[in-house]
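> Got a predicted structure here, sequence first:
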Amino acid sequence: MTALTEHLPPDEPAAPLSAATRRRAIVACLLGNLFELFDFGVYGYFAIQIGKAIFPSADPVVSLLASFATYGVGFLMRPVGAMVLGSYGDRHGRKAALAFTITLMAVATGLTGLVPSYAAIGIWAPVCLVVCRLLQGFSTGGEWGGATTFLVEHAPPGRRGFYGSLQQVSTGLAQILAISTALVLNTVLSTPDLEAWGWRLPFLAGFILAPIGYYLRSRVEESPEFVATARAKRIPVAPLRTALTVHRNAVLTCFGVTMIWTVSSYVFITFLPTYATQSLHMAPIVALGGTICASITSTIVVPLSGLASDRWGRTPMVISAVGFALFSIPLFMLLSQAQSFAALATVAVIAGVLYGLYNGAAPNALCTLFPTTVRYTALSVGYNGAVMIFGGFAPFIATMLVRETGSAIAPSFYVTACALASLLVLVWPRRNQVFAH
């Protein structure tokens, strides 16, 4: 045990759980996480239509940049949500915090679908959209850390890696659902209908998902580790302060590890269809069809990586980071030169494998950094801080890089740099000591 944690009392052992209890917890957590991340992520697949409706401009790239900037604004609130909801979850329970996050997300998403166009209310249209994105970001800030913590704390001995990876399976399914929704709407609606009202439909679904998600999460049993901690009267008075002082090295490690994780997702999955459409002039259906390969591939690889991490620890993450550092530039070169569905699908599948390797092993690896008492807060802050800075604005940064450099492969430079940074954190000896907790 490191100097960072050796003065802390050990976590109170949790009572054993039945298989039925674990199944209910998994279903409630994964379905709720799927609903929430679909609501938050679907924006990226309608960025072009939202840009035209809410941010009209004679230059379509300017509209797209404004739309992606608003997409990134939602990430500004994620650390705030992480601090507030993480502290609430460490003090009052994971169950209560997660029931709140899904309700807030669904309501904010539904309201997004009701925002009038710029032609109808002028400047108030982007203002209303930004408010909705801020509420979504606040909710998401408490979702990932809470859902990951909840699943890992329900895992049987020796299965934490696999259980943590299940949270990312639901994330992958949310991405597949979001891309599929965009693909269907682009197929069945004409371009004028999609730009006029079609893009609103997936957001309005939030009003339907709110009661379902709340019902599922309000009826599940609390995390056994949290219950044991509460019974032992070890609930922290100020989880955020403890996380940022006693566990600051672990929070920084979490931050560094998350860099390539979030950037690879938002560049190769969220940004790629818009990039293929806007920069490579592919048809939207072709771009979305190729990109969905990344989400499907990643979702298949994630649980396998989780199982592997139970035996080999962070090794899948190291392999993934090395892969992104070596192959991001060649992948973008292939895509920019071939500009075909086959090339797009190839890039998406390779990126999906690398992303899935990281995605499956990372949740439990980060959970092991922190004790039960501050796990929700510290995990949420470290993860969402990196997502805000490096991931949320990744589509904006990638679009800007292409525009300013004139190079179609410019987004790959950003991915490569983040991969090298995260790899350094993973293999640096002093940082590795923090994982020993």
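Cool, got the structure.
> SS state for the residue nearest to Ala421 when sequence neighbours are not counted?
Nearest-residue entry for Ala421: Met259, 5.3 Å, with adjacent residues in sequence omitted and distances by C-beta to C-beta, 6 or more residues apart in numbering. Backbone N, C-alpha and C define where each C-beta goes, glycine included. State at Met259, reduced to three classes by DSSP: H, G, I helix; E, B strand; the rest coil: helix.
> I'd say Met259 and Ala386 touch.
Yes - Met259 lies in contact with Ala386 (C-beta atoms under 8 Å); the separation is 5.4 Å.
> Mutual contacts of those two, please.
Among the neighbours of Met259, none is also in contact with Ala386 (C-beta atoms under 8 Å, 6 or more residues apart in numbering).
> Could you report the neighbour count for the residue nearest to Ala421?
Using other C-beta atoms under 10 Å, the number of residues around Met259 comes to 24.
> got the contact list for it?
By C-beta under 8 Å, 6+ apart, the contact set of Met259 is Ala386, Phe390, Cys418, Ala421, Ser422, Val425.
> The first one: neighbour count?
By other C-beta under 10 Å, the residues close to Ala386 number 25.
> Go ahead and list the helix or strand containing it.
Secondary-structure element containing Ala386, defined by DSSP states H and E: helix 375-386.
> which helices and strands does that helix pack with?
When contacts are defined as 3 or more C-beta pairs under 8 Å, 6 or more residues apart in numbering; DSSP states H and E, helix 375-386 packs onto helix 78-92, helix 124-153, helix 239-245, helix 248-265, helix 341-367.
> make it 10 Å
helix 78-92, helix 94-112, helix 124-153, helix 224-231, helix 239-245, helix 248-265, helix 341-367 (3 or more C-beta pairs under 10 Å, 6 or more residues apart in numbering; DSSP states H and E).
> tell me the angle it makes with helix 248-265.
In terms of direction (axes from the mean of the first three to the mean of the last three C-alpha atoms, to 10 degrees), helix 375-386 departs from helix 248-265 by 50 degrees.
> Quick check: pLDDT value at the residue nearest to Ala421.
Met259 carries a pLDDT score of 97 in this model.
> Low-confidence stretches in this protein?
1-17, 58-59, 429-437 (pLDDT under 70).
> From Ala283, how far off is the nearest residue to Ser180 once chain neighbours are set aside?
Nearest residue to Ser180 in three dimensions, chain neighbours excluded: Ile292, at 6.7 Å (C-beta to C-beta, 6+ apart). Counting by C-beta to C-beta, to the nearest Å, the separation of Ile292 from Ala283 is 14 Å.
> Check Val73 too.
The value you get for Val73 to Ala283, if C-beta to C-beta is used, is 29 Å.
> what do you get for Trp428?
In terms of C-beta to C-beta, Trp428 sits 45 Å off from Ala283.
> And for Gly145?
Counting by C-beta to C-beta, the gap from Gly145 to Ala283 is 38 Å.
> Show me which of these two is the more surrounded one.
Under the criterion of other C-beta under 10 Å, the comparison of Gly145 against Ala283 puts Gly145 first, with 32 against 12.
> wait, what's in contact with the more buried one?
81-82, 85-86, 89-90, 94, 97, 254, 363, 366-367, 370, 375-384 (C-beta atoms under 10 Å, 6 or more residues apart in numbering).
> Try it again at 8 Å.
Contacts of Gly145 by C-beta under 8 Å, 6+ apart are Ala82, Gly86, Gly89, Arg375, Tyr376, Thr377, Leu379, Ser380, Val381, Tyr383, Asn384.
> Looking at those residues, spot the one nearest Thr346.
Tyr383 (30.1 Å; C-beta to C-beta).
> For the closest one, grab the count of nearby residues.
29.
> Quick check: chain neighbours aside, which residue is closest to it?
Tyr383's closest residue in space is Thr258 (C-beta to C-beta, 6+ apart), at 5.2 Å.
> what's that neighbour in contact with, if anything?
Ala362, Leu366, Gly382, Tyr383, Ala386, Val387, Phe390, Ser422.
> List the residues that contact the closest residue to Val302 other than its chain neighbours.
Nearest non-adjacent residue to Val302, counting by C-beta to C-beta, 6+ apart: Gly360, 4.1 Å away. Taking C-beta under 8 Å, 6+ apart as the criterion, Gly360 is in contact with 161, 165, 168, 301-309, 316.
> just the buried members of the residues you listed?
Gly161, Ser165, Gln168, Val301, Val302, Pro303, Ser305, Gly306, Leu307, Ala308, Ser309, Pro316 (16 or more other C-beta atoms under 10 Å).
> returning to that earlier point: return the subset of the contacts of Gly360 lying in helices.
161, 165, 168, 301-309, 316 (DSSP state H).
> Go through the residues you listed and name the one nearest Ala66.
Gln168 (30.7 Å).
> Could you measure from the closest one over to Glu221?
To Glu221, Gln168 is 22 Å away according to C-beta to C-beta.
> got it, and His92?
15 Å.
> Same question for Ala99.
In terms of C-beta to C-beta, Ala99 sits 13 Å off from Glu221.
> If you count surrounding residues, which of these two has more?
Ala99 (22 against 15).
> How about the contacts made by the more buried one?
Counting by C-beta under 8 Å, 6+ apart, Ala99 has contacts Tyr214, Arg217, Ser218.
> That one: what's its closest spatial neighbour, skipping adjacent residues?
In this structure, Ala99 finds its nearest non-sequential neighbour in Arg217, 4.3 Å apart by C-beta to C-beta, 6+ apart.
> same thing with Lys52?
The shortest distance from Lys52 to any non-neighbouring residue, by C-beta to C-beta, 6+ apart, is to Glu195 (5.4 Å).
> How many residues are close by that neighbour?
Glu195: 18 neighbours (other C-beta under 10 Å).
> and the helix or strand where it lies, how far from the chain's centre?
In the assignment (DSSP H and E), Glu195 maps to helix 191-196. For helix 191-196, the separation from the chain centroid amounts to 28 Å (computed by C-alpha atoms, centre = their mean, to the nearest Å).
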